[in-house]
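Asker: no FASTA, just this:
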């Protein structure tokens, strides 16, 4: 968790509130014992590190595996979406991902997938095997990860991340997530969209441009996804059915 904070990776609130320093050491190393410090021993076969801003941290793949344990122990009910958001942040190449303290991709999905195979068997392995194939490299915020998870977990077909909508070769919109078959553009609106007049004007123009291309623009906020997404899910499934009928695909 300490390494995740240093890197600016998304963590659930209950982990962010943990005041302790979290250390990891390889098996066979003397365990540091200090007030306010907790230490985890990692098998030698999994031990990998890298240096960020002059600080030795667990390798991103090891960090990903360790986080599966912390999320399950903290709140097993939300471990799946939380790990998806964490993993997406590791592999995303988005320069504008909020709060991250490096530029570009920190690790690739293939490397994480190979590490998951090394991790098994063990606590957290089933969670890692389920969520790792769902990581996507173009995600630009943890809320996009949550949107994908909530819809896909409800039986909605998988969405395409950061799909480019163009007119005569010029991009006019790039929805956070897109339902290509039903032509629905899903965009998550954070507080930045509310407080920035420039962003607000761009949002209004983008909705018009998306509509002119024959797509439906669907904007949502965090209250649609958490803590109870049931109303949004009912709306999204009904919207998809209407769109498919209108497009002659049902």
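Answerer: Sure thing, it's come through. These numbers come from a predicted model, not from an experiment.
Asker: Could you tell me how far the nearest residue to residue 67 once chain neighbours are set aside is located from residue 222?
Answerer: Distances taken as Cβ to Cβ, 6 or more residues apart in numbering put residue 86 closest to residue 67, at 5.4 Å, once the chain neighbours are dropped. For glycine as for every other residue, the C-beta is placed from the backbone atoms N, C-alpha and C. Taking Cβ to Cβ, to the nearest Å as the measure, residue 86 falls 17 Å from residue 222.
Asker: cool, residue 151 as well?
Answerer: Taking Cβ to Cβ, one finds residue 151 at 15 Å from residue 222.
Asker: out of these two, which sits in the busier spot?
Answerer: residue 151 (23 against 14; other Cβ atoms under 10 Å).
Asker: I'd guessed the more buried one sits against residue 144; true?
Answerer: No: using Cβ atoms under 8 Å, residue 151 is not in contact with residue 144; the gap is 11.1 Å.
Asker: what sits in contact with each of those two?
Answerer: residue 177 (Cβ atoms under 8 Å, 6 or more residues apart in numbering).
Asker: Show me where the protein has its strands.
Answerer: With DSSP state E, the ranges of strands along the chain come out as 21-26, 37-42, 49-52, 55-58, 160-161, 165-167, 170-173, 177-179, 184-188, 216-220.
Asker: Pick the most deeply packed of the ones you listed.
Answerer: Ranked by mean neighbour count, the strands of the chain are led by strand 177-179 with a mean of 24 (mean count of other Cβ atoms under 10 Å).
Asker: So what touches that strand?
Answerer: Residues external to strand 177-179 that are found in contact with it (Cβ under 8 Å, 6+ apart): 144, 147-148, 151, 156-157, 159-161, 163, 184-186, 240, 243.
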